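Novice: Structure for this input, please:
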Amino acid sequence: MELLHVFEWFDQSLLADAAKAYGGVFVLVQGVHLLSLALLGGMVLAGDLRMLGLLLTDVPARTVVAATQRWFSVALGLMVLSGTFMSGAVALKLYYSEMFLAKMVALATGIVFFYGIRGPLFRLAADEPTAGAAGTTSIWAVRLTAIASLCIWFTVAASGRWIGFS
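Specialist: Residues are numbered from 1 along each chain as shown. As a prediction, this is how the structure comes out:
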């Protein structure tokens, strides 16, 4: 099935009808989306900056990593649900938006990176008493992973913001 047909179906769905018809609900959902984005961004920043040794250095890395990963997952779930609802109102516009495609690619990359690379590496590094010095995890691998994570999630946020301008 061609992707355009999926977007056309979504544009005609009950969810899209609700998103188009109830402006007040749309605004509330948009608020949840933005608050979730702020929470997700905060967790990425807190975790990555901790692993770079720039923030929360007096808190054990294990504590920061566990807390940020838990709240990241909550924020991501809320963002996906609210984003799906909001997309219903402008599904066909999004199909033709290059920035929407960029955001979805960056988001998919970010999710795979977070759960497949960043999370396991940070948990491993946080469990080592001297993460990187005498342990098995290279401090440079942790730092480069944190920098890559920041770049990926900045791309998600920037491309998402740019959707409104395109």
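
Novice: residues in contact with stretch 114-128?
Specialist: 47, 51, 60-62, 64-66, 69, 72, 131-132, 135-137, 139, 141-142, 145-146, 148-149 (Cβ atoms under 8 Å, 6 or more residues apart in numbering). C-betas here are computed from N, CA, C, even on glycine.

Novice: Quick check: chain neighbours aside, which residue is closest to Tyr95?
Specialist: Phe7 (4.0 Å; Cβ to Cβ, 6 or more residues apart in numbering).

Novice: Heading C-terminal from the lowest-mean-pLDDT helix or strand in the chain, find the next helix or strand.
Specialist: Ranked by mean pLDDT, DSSP states H and E, the weakest helix or strand in the chain is helix 119-127, scoring a mean of 87. Once the chain leaves helix 119-127, the next helix or strand it forms, by DSSP states H and E, is helix 139-163.

Novice: Mind listing residues that contact that following helix?
Specialist: 37, 40-41, 44-45, 47-49, 51-52, 94, 97, 99-100, 102-103, 106-107, 109-110, 113-114, 117-118, 121-122, 125, 131-133.

Novice: Tell me the buried residues within the residues you listed.
Specialist: Buried by 16 or more other Cβ atoms under 10 Å: 37, 40-41, 44-45, 47-49, 51-52, 94, 97, 99-100, 102-103, 106-107, 110, 113-114, 118, 121-122, 125, 131-132, out of the contacts of helix 139-163.

Novice: Inside helices: which ones of those?
Specialist: 37, 40-41, 44-45, 47-49, 51, 94, 99-100, 102-103, 106-107, 110, 113, 121-122, 125 (DSSP state H).

Novice: dump the residue contacts of the residue nearest to Tyr95.
Specialist: Contacts of Phe7 (Cβ under 8 Å, 6+ apart): Ala91, Leu92, Leu94, Tyr95.

Novice: Just confirm the second one contacts Glu8, I think it does.
Specialist: Yes: assessed by Cβ atoms under 8 Å, Leu92 is found in contact with Glu8 at 6.9 Å.

Novice: re the thing from before, which PyMOL command selects the buried ones in the contacts of Phe7?
Specialist: To isolate in PyMOL the members of the contacts of Phe7 that are buried, counting by 16+ other Cβ under 10 Å, one can use:
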select buried, resi 91+94+95
